[in-house]
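Got a predicted structure plus its sequence, pasted below:
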Amino acid sequence: MKIKIKKYKKVQSTNDIALKLINQNVSEPTLITTETQTKGRGRVGKKWISKNGNLFISLLFKYDPKKINFKQFAILNAFLVKNVISKITLKKIKIKWPNDLLFNEKKFCGILQEVIKFDKFDYLIVGIGLNTNIAPINKSFKSTSLKNILDKKINNQKILKKFIITYEKFLKEKNKLSFSDLKKKYTKI
């Protein structure tokens, strides 16, 4: 299933753009990415510190909560993101449930899922903040970046392509396979 790509220079939040697109009747799977995010969001109203040079994306798609529910998608999305990162590093990446990726107990990725109902359909928005080149300073927890983990500058466009390929494959499969089959397939790492 092809994903439509929308690139921006600067937005408040990629998830906010996804919400606007759904309300404008965009129903095909769409990935939003930006160079600068001024009001990134985390779970339960927390702020995601968005430093220029990092990767910020949101993916929106229709979903059937009777087939795969919100919590099941949280599990699948954590593993999908981990799979993308594992393609560029052999380092041990840990999932801190339900929505963070850690390396050596330092956070470098956060995932924010949101659901919206529009025109009789359910949409899932998956926001991903990935510290690729800069580790923001946060008083609540230690953070790192892929650049620190791999000791080299990260090309965000290459990682973005890996996300697109991974999610296009997943979106084709999500309508054909059960949650347990998808979980088996994507949790092999």
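Now that the structure is in, tell me what you want to look at.

Any buried residues in the helix or strand where Lys161 lies, and which?
Assessed by DSSP states H and E, Lys161 sits inside helix 156-174. Of the residues in helix 156-174, Asn156, Ile159, Leu160, Phe163, Ile164, Thr166, Tyr167, Phe170, Leu171, Lys174 count as buried by neighbour count, 16 or more other C-beta atoms under 10 Å. (Each C-beta comes from the backbone N, C-alpha and C, glycine too.)

residues in contact with the second one?
Applying C-beta atoms under 8 Å, 6 or more residues apart in numbering, we find Ile159 in contact with Leu55, Val84, Ile88, Leu130, Thr132, Leu146.

Kindly report the same for Tyr8.
Thr14, Ile17, Ile32, Thr33, Thr34, Glu35.

What pairs with the helix or strand harbouring the third one, parallel or antiparallel?
I take that to be Ile32. Secondary structure assignment for Ile32, by DSSP H and E: strand 30-37. Strand 30-37 has the following sheet partners, assigned by DSSP bridges: strand 4-11 (parallel), strand 55-63 (antiparallel).

Count the neighbours of Asp151 for me.
7 (other C-beta atoms under 10 Å).

Could you do the one 3 residues further on as well?
Counted with other C-beta under 10 Å, the neighbours of Ile154 add up to 22.

wait, what's in contact with it?
By C-beta under 8 Å, 6+ apart, Ile154 lies in contact with Ile88, Thr132, Asn133, Ser145, Leu146, Lys147.

hmm, 10 Å instead?
For Ile154, the contact set (C-beta atoms under 10 Å, 6 or more residues apart in numbering) comprises 53-55, 88, 130-134, 145-148.

Among those, which ones are in strands?
Among these, DSSP state E puts Leu55, Leu130 in strands.

Turn the contacts of Ile154 into TSV, including distance to Lys39, pLDDT and neighbour count.
TSV is the format used below for the contacts of Ile154 (distance: C-beta to C-beta, whole Å; pLDDT from 0 to 100; neighbours: other C-beta atoms under 10 Å):
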residue	distance to Lys39	pLDDT	neighbour count
Gly53	18	90	16
Asn54	15	95	27
Leu55	17	96	23
Ile88	28	87	16
Leu130	17	96	24
Asn131	17	96	28
Thr132	20	96	25
Asn133	20	96	19
Ile134	18	93	18
Ser145	21	95	22
Leu146	23	95	26
Lys147	24	96	18
Asn148	25	94	18
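
from the contacts of Ile154, which single one is nearest Phe70?
The nearest member of the contacts of Ile154 to Phe70, counting by C-beta to C-beta, is Leu130 at 21.7 Å.

Against Lys106, how distant is the nearest residue to that closest one once chain neighbours are set aside?
The shortest distance from Leu130 to any non-neighbouring residue, by C-beta to C-beta, 6 or more residues apart in numbering, is to Leu55 (4.3 Å). According to C-beta to C-beta, to the nearest Å, Leu55 and Lys106 sit 17 Å apart.

show me what contacts the nearest residue to Val11 once chain neighbours are set aside?
Leaving aside its chain neighbours, Val11 sits nearest to Thr34 (4.7 Å; criterion: C-beta to C-beta, 6+ apart). For Thr34, the contact set (C-beta under 10 Å, 6+ apart) comprises 6-14, 17, 40, 50, 55-58.
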